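Visitor: Fold the following and give me the result.
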Amino acid sequence: SYHGWSDQLVYDMHVPGTKLLESHGIPKSIFKWMDSCPPNDIETLRQMFKEKRKVAAVIIEPMGGESGANPVRPGFNKEVEELCHENGALLISDEVVCAFRLHMGGGQAYYGYTPDLSVFGKIVGHGYPSAAAIGGKEEIMRFCAAGVSGGKRAYSGGTIAANPLTCAAAYHA
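Guide: Take a look at the predicted model:
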């Protein structure tokens, strides 16, 4: 499924029916850290957990891959949630496309699962540039920090993070 344009997340985009990759130039090292699982295939995902030493996280689109073009079967997202928790992996819900279009609680509420982290975009700023948000369980989010800080915190920010116009649009939405 699509999770943004970054080397780490488009490494396996391919032309259907061929072995040709659409993402030429991606560093080979990415293949060491990333895997993808066929849509709706919980058994393959279960096998991937068994074969890998440690899976840090699984990213899913609530409606299914390619913004719902490959829809999830009923109950699949809940099965992924349970499998992640059984194996100590985070479940990340990519809500960029469906967010509040399906349900005020997002795709996760509509499909009945609870991710550890959720990512939102587009709808957050109502069309204003650079709008995105991350939300999640308190035990995960406490490690996110804006600015420079010490301790066990991960920097969260960017070149145009906290754009005043975008923040105002999101706040008043």
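Visitor: And the strands in the chain?
Guide: Here the chain has its strands, by DSSP state E, at 57-60, 64, 70-71, 90-94, 117-121, 132-136, 144-145, 154-155.
Visitor: Using a markdown table, please lay out these together with mean pLDDT and mean neighbour count.
Guide: Yep, even glycine has a C-beta here, placed from its N, CA and C like the rest. Output for the strands of the chain, formatted as a markdown table (pLDDT from 0 to 100; neighbours: other CB atoms under 10 Å):
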| stretch | mean pLDDT | mean neighbour count |
| --- | --- | --- |
| strand 57-60 | 94 | 20 |
| strand 64 | 86 | 21 |
| strand 70-71 | 86 | 14 |
| strand 90-94 | 96 | 23 |
| strand 117-121 | 89 | 19 |
| strand 132-136 | 85 | 15 |
| strand 144-145 | 72 | 14 |
| strand 154-155 | 72 | 10 |
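Visitor: Spatially nearest residue to the most centrally placed residue in the chain (excluding sequence neighbours)?
Guide: Residue closest to the mean C-alpha point of the chain, counted by CA atoms, centre = their mean, is D94 at 3.7 Å. Closest residue to D94 apart from its sequence neighbours, by CB to CB, 6 or more residues apart in numbering: E61 at 4.8 Å.
Visitor: my guess is that neighbour contacts G68, does it?
Guide: Yes - with contacts counted by CB atoms under 8 Å, E61 reaches G68, the gap being 7.4 Å.
Visitor: can you list residues touching both of the two?
Guide: Here E61 and G68 have V97, C98 as joint contacts, going by CB atoms under 8 Å, 6 or more residues apart in numbering.
Visitor: Could you check which of the two has the larger neighbour count?
Guide: E61 (24 against 16; other CB atoms under 10 Å).
Visitor: and of the strands of the chain, who's closest to A168?
Guide: strand 132-136 (14.3 Å; CB to CB).
Visitor: could you give the angle of that closest one to strand 117-121?
Guide: Strand 132-136 runs at 160 degrees relative to strand 117-121, counting by axes from the mean of the first three to the mean of the last three CA atoms, to 10 degrees.
Visitor: mind listing what strand 132-136 pairs with, with the direction of each?
Guide: Note on strand 132-136: by DSSP bridges, its sheet partners are strand 117-121 (antiparallel).
Visitor: got the angle for the strand it pairs with vs strand 90-94?
Guide: Using the same axes, to 10 degrees: strand 117-121 against strand 90-94 is 20 degrees.
Visitor: which residues sit against strand 117-121?
Guide: 57, 90-96, 99, 106, 108, 131-137, 140-141.
Visitor: ok, now stretch 69-86?
Guide: Here stretch 69-86 has contacts from 1, 39-40, 42, 45-46, 49, 55, 57-58, 60, 62-64, 90-91, 108, 111-116, using CB under 8 Å, 6+ apart.
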